[in-house]
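**Q** sharing a model that was predicted from the sequence below.
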Amino acid sequence: MSRILVTGAAGLLGRFVVDELLKHGYDVRGFDRREGNADIEWIVADVTDADAVKRAMQGIDSVLHIAAVPNIWSGDGATIMRVNTQGTYLVFDAAEAEGIERVVFCSSDSVAGYTVREGRMLPPRYAPLDLAHPLLATDPYAVSKVIGEDIARSYALRGMSVLALRTVFVAYPEMEGEIVARAKDPANYKAPAVGGPSTAGGGPLHHHIDARDLARAFRLALELPMQPGEFDRFYLAANVTLSPEPTVERLKRLHGDAVEIRDPDYYRREPYAPLYDLTHAKERLGFTPEYDLRHLLAGLPGFEN
């Protein structure tokens, strides 16, 4: 039985990932600043504690690195950069020292730069946005994930097999009230409006992914056959956004003709399809999202159809 270390295992995402691994027979060790509810071995420490990270790697086969300051509202820039970049370096360095051959890094679609206006975001060059699109990060969280991917790639160059999962806003059950509140009154929405853990996210297009789908993607990344030294990355999102407007219509309203629509058929088939091209995740990772939350918004203004 493979033994997996999950950093950030007690967090909003980590708990789903741990449950997914346990359901599929993995032996899991959790690393976080507090113990979670899962009946697994826990190491309680901060991811920037080098000695604790080294101890956590002992006897581990693969690592899912999720621990991070999760968005720009959860810490100042200096804290985000310190925790997310130093923590990622320490995890990869300790994993390599222990001879661990597979690490999966929780990245973010924010690396493309189109997520939060507070970061002076730039419009995408084209849609659907694929892996060839330049990384245009402008806020500390996004920059920390770009650097995190660079760290991850550097360890692949040294012989590790590494994957980076560029997830959009995760629509946890605790966030459902915030998502509905934003949809009811988008012009005046200020979070937390109904006691959610953060603001309803997803950028201008209101992207989202169900936590169950994302947890499955982590397991698939863990199980993907790879050669030593391989590095890969994947954009992950639900098949539809939570926007009241179709994707192309919203992009044109926000940015005029600045965003080239390279595959109109992509959006004819599904008008609310995400900005991101999910083909690589489907073909390489075997990941197709099973859930979306548009049903929560049925009947609200703009969501009557």
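**A** Received the coordinates, thanks.
**Q** check which residues of stretch 67-87 are buried.
**A** Neighbour counts over stretch 67-87 (16 or more other CB atoms under 10 Å) mark 67-72, 75, 80-81, 83-85, 87 as buried. (Glycine included, C-beta is placed from N, CA and C.)
**Q** scratch that, stretch 294-301 is what I was asking about
**A** Buried residues in stretch 294-301 (16+ other CB under 10 Å): 294, 297.
**Q** same thing with stretch 92-108?
**A** Quick answer for stretch 92-108 (16+ other CB under 10 Å): 92-96, 98, 100, 102-108.
**Q** endpoints of it, how far apart?
**A** 18 Å (CA to CA, to the nearest Å).
**Q** tell me where the protein has helices.
**A** 12-23, 50-56, 77-81, 87-97, 140-157, 176-184, 211-223, 247-255, 264-269, 279-280 (DSSP state H).
**Q** can I get those helices in JSON lines including mean pLDDT?
**A** Shown next, in JSON lines, are the helices of the chain (pLDDT from 0 to 100):
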{"stretch": "helix 12-23", "mean pLDDT": "98"}
{"stretch": "helix 50-56", "mean pLDDT": "98"}
{"stretch": "helix 77-81", "mean pLDDT": "96"}
{"stretch": "helix 87-97", "mean pLDDT": "98"}
{"stretch": "helix 140-157", "mean pLDDT": "97"}
{"stretch": "helix 176-184", "mean pLDDT": "95"}
{"stretch": "helix 211-223", "mean pLDDT": "98"}
{"stretch": "helix 247-255", "mean pLDDT": "97"}
{"stretch": "helix 264-269", "mean pLDDT": "97"}
{"stretch": "helix 279-280", "mean pLDDT": "98"}
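**Q** which pLDDT does the model give residue 1?
**A** Listed pLDDT for residue 1 reads 64.
**Q** actually residue 124, sorry about that
**A** So, for residue 124, pLDDT stands at 97.
**Q** just give me the neighbour total for it.
**A** Residues near residue 124, counting by other CB atoms under 10 Å, number 22.
**Q** so it touches residue 254, yeah?
**A** No: counting by CB atoms under 8 Å, residue 124 does not reach residue 254; the two are 10.7 Å apart.
**Q** what sits opposite residue 43 in the beta ladder?
**A** residue 31 (DSSP bridges).
**Q** tell me the contacts of it?
**A** 29-31, 52, 55-56 (CB atoms under 8 Å, 6 or more residues apart in numbering).
**Q** quick check: the nearest residue to residue 294 once chain neighbours are set aside vs residue 246, distance?
**A** Leaving aside its sequence neighbours, residue 294 sits nearest to residue 240 (CB to CB, 6 or more residues apart in numbering; 5.7 Å). Plainly put, residue 240 is 10 Å away from residue 246 if you go by CB to CB, to the nearest Å.
**Q** now swap in residue 29 and tell me
**A** Counting by CB to CB - residue 29 and residue 246 are separated by 44 Å.
**Q** more neighbours: which of these two?
**A** Each of residue 29 and residue 246 has its neighbours counted (other CB under 10 Å); residue 29 has more, 21 against 16.
**Q** that one reaches residue 7, doesn't it?
**A** No: Residue 29 is beyond contact range of residue 7, at 9.8 Å (criterion: CB under 8 Å).
**Q** anything in contact with each of those two?
**A** residue 56.
**Q** make JSON lines out of the helices of the chain and add distance to residue 132.
**A** Listed next are the helices of the chain as JSON lines, based on distance: least, CB to CB, whole Å:
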{"stretch": "helix 12-23", "distance to residue 132": "27"}
{"stretch": "helix 50-56", "distance to residue 132": "34"}
{"stretch": "helix 77-81", "distance to residue 132": "27"}
{"stretch": "helix 87-97", "distance to residue 132": "24"}
{"stretch": "helix 140-157", "distance to residue 132": "15"}
{"stretch": "helix 176-184", "distance to residue 132": "31"}
{"stretch": "helix 211-223", "distance to residue 132": "21"}
{"stretch": "helix 247-255", "distance to residue 132": "18"}
{"stretch": "helix 264-269", "distance to residue 132": "15"}
{"stretch": "helix 279-280", "distance to residue 132": "11"}
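**Q** quick one: closest of those helices to residue 298.
**A** helix 176-184 (10.1 Å; CB to CB).
**Q** can you give me the buried ones in the closest one?
**A** 177-183.
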